[in-house]
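[1] next comes the sequence, and after it the predicted model I'd like to discuss.
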Amino acid sequence: MEKFTLVYNGTVIDGNGGQPLQNGAVLLEGNRIVAVGTENGGDLQDALARVLVPSDVERIDAQGGTILPGLIDTHVHLMFEVKKLETQLSDPFSLQFYHAEKHMKKTLDAGITTVRDAGGTDLGVKTAVERGLIAGPRMQISITPLTITGGHGDGWTVSGADLSRQHYPGSPSGICDGVEQVRQKVREMLRAGADIIKVHATGGVLSPTDHPEYTQFSYEELRVMVEEAQFRRGRKVMAHAQGAEGIKNAVRAGIHSIEHGIYLDDEAIELMIEHGTYLVPTLLAPLSVLEQAEATGSMPEYGVKKARESFEAHRDSIARAYRAGVKIAMGTDAGVMAHGTNLRELGLMCDIGMTPMESIMATTKVAAECLGWLDRIGTLEVGKLADVVVARTDVLEDIRSLEDTNNIALVIKDGVVVKDILQQQAKVGEPSEQTGQFVP
């Protein structure tokens, strides 16, 4: 018989955008949600059913906090975190895997139970999490982003040094030019275990030899990616796309989501609405480049210059897309900034006009839709996977309170408690079973 867990005495925000449920509770059986409602006198009630809470249920008191679905970040890079150039060049290759374990733990501690990795994480890392060898979020992986020679993702510098990530059997190079090379590279990524294909459709802020507005890959090349991914394996394509022309090429080609969207124009926004394309803003990324440049000097000057140039345009583009009704899913580009700081993105999304509830939906229901996993995650509903987060605070009153991971008091992923500050605190002041004395 599966274990029952009741998370109670909190305000339930189920991810659907409706009225929060006061004195709410969520009942889990094993790794599934079996009821959501209000808890009174041992019974859990909701509009559809009255479920008797079993006598042997494990009870977790939310202590008046906010009970949320497991949160989702649709754009991370678990295998790296930006460092100074000398560190990147001197660290042993395999050290990245040990760092990644800490990155994943910090991601869970922030309440992120599911991610879409936008490049760098291979099938072995994903498998290690699935088999319980290491703790980490549920993930979709893209292996290596596709890039043109000299494009965003090609780390060649004018000195002749190549700053590209090292490639190995589980992580092939993504450089390709022309329709047939593109076709082969998509097949290589799928062979390596990619759940989604990632492409750099434009230049970027941190690439050494291009600019965010530079268009990369033709419509024909982008279309082949979509065809190969969709027709061969039912996979989708996500596009790093910052300049308007590259964005429009990607949308017309049938690409599923636009990442960053710095220089959106009105035509691009209209096309995204027409095609149902998701927008993943990553507002935190250019801000983090500027912050880290000032704090640590770890950012190259060419990246800092481009971040300054694009910062306001980025905010304006996302604001206009939001007002027009483009579907927005939360993503951060974590790795460009420290892992575990992901939820700063929610406050930035509110800064461009979204309400706190809309920002929460962007990192729950809409993000799950973007991943194609709304049938299993993204909302607190009966039958879905038991991913539950408790925040200490009223998140609708203070969305930025989620930026402090100490305010993420409970994280349950797939029915397993992976972080629990609530019960640790509850034990303080309780009598010791051995002595009957109070624990200090």
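    Now that the structure is in, tell me what you want to look at.

[2] for the residue positioned nearest the centre of the chain, give me its contacts.
    Geometric centre of the chain, nearest residue: residue 73, 1.4 Å, by Cα atoms, centre = their mean. By Cβ atoms under 8 Å, 6 or more residues apart in numbering, the residues touching residue 73 are 107, 112, 114-116, 330-332, 334, 342, 345, 363, 367. Where you see a C-beta, it was placed from the backbone N, CA and C, and this is true even at glycine.

[3] cool, and residue 139?
    78, 114, 115, 116, 117, 121, 126, 129.

[4] ok, the residues you listed vs residue 152, which is closest?
    residue 117 (17.1 Å; Cβ to Cβ).

[5] tally of neighbours for the nearest residue to that closest one once chain neighbours are set aside?
    Nearest residue to residue 117, sequence neighbours excluded (Cβ to Cβ, 6 or more residues apart in numbering): residue 141, at 4.8 Å. Using other Cβ atoms under 10 Å, residue 141 has 25 neighbouring residues.

[6] pLDDT at residue 141, what is it?
    For residue 141, the model assigns a pLDDT of 98.

[7] can you select the buried ones from the contacts of residue 139 in ChimeraX?
    Paste this into ChimeraX to select the buried members of those, with burial taken from 16 or more other Cβ atoms under 10 Å:
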select :78,114,115,116,117,121,126,129
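
[8] strands of the stretch 151-300 of the chain, start to end?
    Counting by DSSP state E, counting those that start in this stretch, the stretch 151-300 of the chain has strands at residues 196-200, 236-241, 257-260, 278-280.

[9] tabulate the ones you listed (a markdown table), appending mean pLDDT.
    Output for those, formatted as a markdown table (pLDDT from 0 to 100):
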| stretch | mean pLDDT |
| --- | --- |
| strand 196-200 | 98 |
| strand 236-241 | 98 |
| strand 257-260 | 98 |
| strand 278-280 | 98 |
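
[10] let me have those in JSON lines, extended by distance to residue 155 and mean neighbour count.
    Below are the strands of the stretch 151-300 of the chain laid out as JSON lines (distance: least, Cβ to Cβ, whole Å; neighbours: other Cβ atoms under 10 Å):
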{"stretch": "strand 196-200", "distance to residue 155": "12", "mean neighbour count": "28"}
{"stretch": "strand 236-241", "distance to residue 155": "15", "mean neighbour count": "29"}
{"stretch": "strand 257-260", "distance to residue 155": "19", "mean neighbour count": "29"}
{"stretch": "strand 278-280", "distance to residue 155": "23", "mean neighbour count": "27"}
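
[11] distance of the closest residue to residue 166 other than its chain neighbours relative to residue 204?
    Leaving aside its sequence neighbours, residue 166 sits nearest to residue 93 (Cβ to Cβ, 6+ apart; 5.6 Å). As judged by Cβ to Cβ, to the nearest Å, residue 93 and residue 204 stand 24 Å apart.

[12] which of these two has more neighbours?
    Between residue 93 and residue 204, counted using other Cβ under 10 Å, the more crowded position is residue 204 (26 against 9).

[13] work out for me the element residue 114 sits within.
    Residue 114 belongs to strand 112-117 when assigned by DSSP states H and E.

[14] and the nearest residue to residue 218 once chain neighbours are set aside, how many neighbours?
    Among residues not flanking residue 218 along the chain, residue 249 sits closest, at 7.3 Å (Cβ to Cβ, 6+ apart). Around residue 249 there are 25 other residues, counting by other Cβ under 10 Å.

[15] let me see the contact set for residue 76.
    107, 115, 116, 117, 118, 331, 332, 333, 334, 335, 339, 342.

[16] would you turn these into a markdown table with distance to residue 315 and pLDDT?
    Shown next, in a markdown table, are these (distance: Cβ to Cβ, whole Å; pLDDT from 0 to 100):
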| residue | distance to residue 315 | pLDDT |
| --- | --- | --- |
| 107 | 25 | 98 |
| 115 | 24 | 98 |
| 116 | 23 | 98 |
| 117 | 25 | 98 |
| 118 | 21 | 98 |
| 331 | 16 | 98 |
| 332 | 15 | 98 |
| 333 | 15 | 97 |
| 334 | 19 | 97 |
| 335 | 21 | 95 |
| 339 | 23 | 97 |
| 342 | 19 | 98 |
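
[17] pick out whichever of those residues sits closest to residue 157.
    Looking across those and measuring by Cβ to Cβ, the closest to residue 157 is residue 335, at 20.1 Å.

[18] the spatially closest residue to the closest one that is not a sequence neighbour and residue 64, how far apart?
    Once flanking residues are discounted, residue 335 sits nearest to residue 77: 3.2 Å by Cβ to Cβ, 6+ apart. Separation of residue 77 from residue 64 (Cβ to Cβ) stands at 36 Å.

[19] so for those two, which residue has more residues nearby?
    Counted by other Cβ under 10 Å, residue 77 and residue 64 do not tie: residue 77 has more neighbours, with 24 against 12.

[20] and the more buried one, backbone torsions?
    The phi/psi pair for residue 77 (degrees, to the nearest 10) reads phi -130, psi 90.
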